[in-house]
Structure formats: structure tokens, C-alpha cells
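[1] Mind folding the following:
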Amino acid sequence: MLQTANAGFGFLALASLLGQTAPQTAAAGERPVGPLAPKPPRLPVKAKRIIFLFMEGATSQMDTWDYKPKLQQDGGKVGPGGGTLTASKFAFSQHGQTGTWVSELYPHV
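    Here you go, the predicted structure:
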């Protein structure tokens, strides 16, 4: 859901502000309600604030090293999950003694 939400973690913050908070952790000495319930921290919490850095824009491995000829062939078609398949925007060719497929983004590898 975070990948398709426009605001990502901002969406989570909004949900929290609207009252859809996460389940409370068990009090000290109590057992959690279920096996997947959050557990209390083992050490006292010292952090009062956090800085969350979300840096978008790096080239993905799909466009650099991960050559998928079938995906290149089927780009634009509807996939088995119902979504549209997207091929890489960059051309791939074999390089070096091993013949590793590398994107045109790395011309001197």
C-alpha cells in the first residue's frame, strides 16, 4: 500500500492523526495479547525524536544489472496479477569476459 499511496509514510501519519493508531504494547510484566502483538522494549527508550530520510531517485537494479528479456518482450502487456508490465527504458548488452548483461547506463563496465 505504501508503494501506491501518493504520500507513503505521510499516509501513515495521517492515519495515526485520524485515530487509527497501532495496538498498544503490553505493560511491564504483562504478557502480550497475542503472538504477533508488539512486545515492550528490553531497554529503556532514550530517543525522543527521529529523523526519517526518504531519498527517491536512485536507479533501480532492474534498470542497471537485472536483465529480464521476457519482461522486455512483454512490456506494456497485462501481467498475471492484473497490472501492466513495464520494461526497462534502457538497452542491455553483454560485456566483459563473462558476458554479463549490463545496461547502457554503465557504458564502461
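
[2] Beyond the helix or strand of the chain with the lowest mean pLDDT, next helix or strand please.
    Ranked by mean pLDDT, DSSP states H and E, the weakest helix or strand in the chain is helix 9-17, scoring a mean of 70. The element immediately downstream of helix 9-17 (helix or strand, assigned by DSSP states H and E) is helix 69-74.

[3] can you pull the pLDDT of Asp74?
    If you check Asp74, the pLDDT there is 90.

[4] In space, what's closest to it - neighbours in sequence excluded?
    Leu85 (5.2 Å; C-beta to C-beta, 6 or more residues apart in numbering). In this view, the C-beta of every residue, glycine as well, is placed from N, C-alpha and C.

[5] Could you report the neighbour count for the one you found?
    Neighbour count for Leu85, taken as other C-beta atoms under 10 Å: 17.

[6] In this structure it contacts Gln73, no?
    No - in this structure, Leu85 is not within contact of Gln73 by C-beta atoms under 8 Å, at 9.6 Å.

[7] in the chain, which ranges drop under the pLDDT threshold?
    Scanning the chain for pLDDT under 70 picks out the ranges 1-9, 15-17, 19-33, 109.

[8] Look at Leu43 and say how many residues are nearby.
    5.

[9] For Ser93, grab phi and psi.
    phi -150, psi 160 (degrees, to the nearest 10).

[10] For it, list each beta-bridge partner.
    Taking DSSP bridges as the rule, Ser93 bridges to Val102.

[11] Show the contacting residues for it.
    Shown in contact with Ser93 (C-beta atoms under 8 Å, 6 or more residues apart in numbering): Trp101, Val102, Glu104.

[12] can you rerun that using 10 Å?
    For Ser93, the contacting residues are Tyr67, Gly99, Thr100, Trp101, Val102, Ser103, Glu104, Pro107, by C-beta atoms under 10 Å, 6 or more residues apart in numbering.
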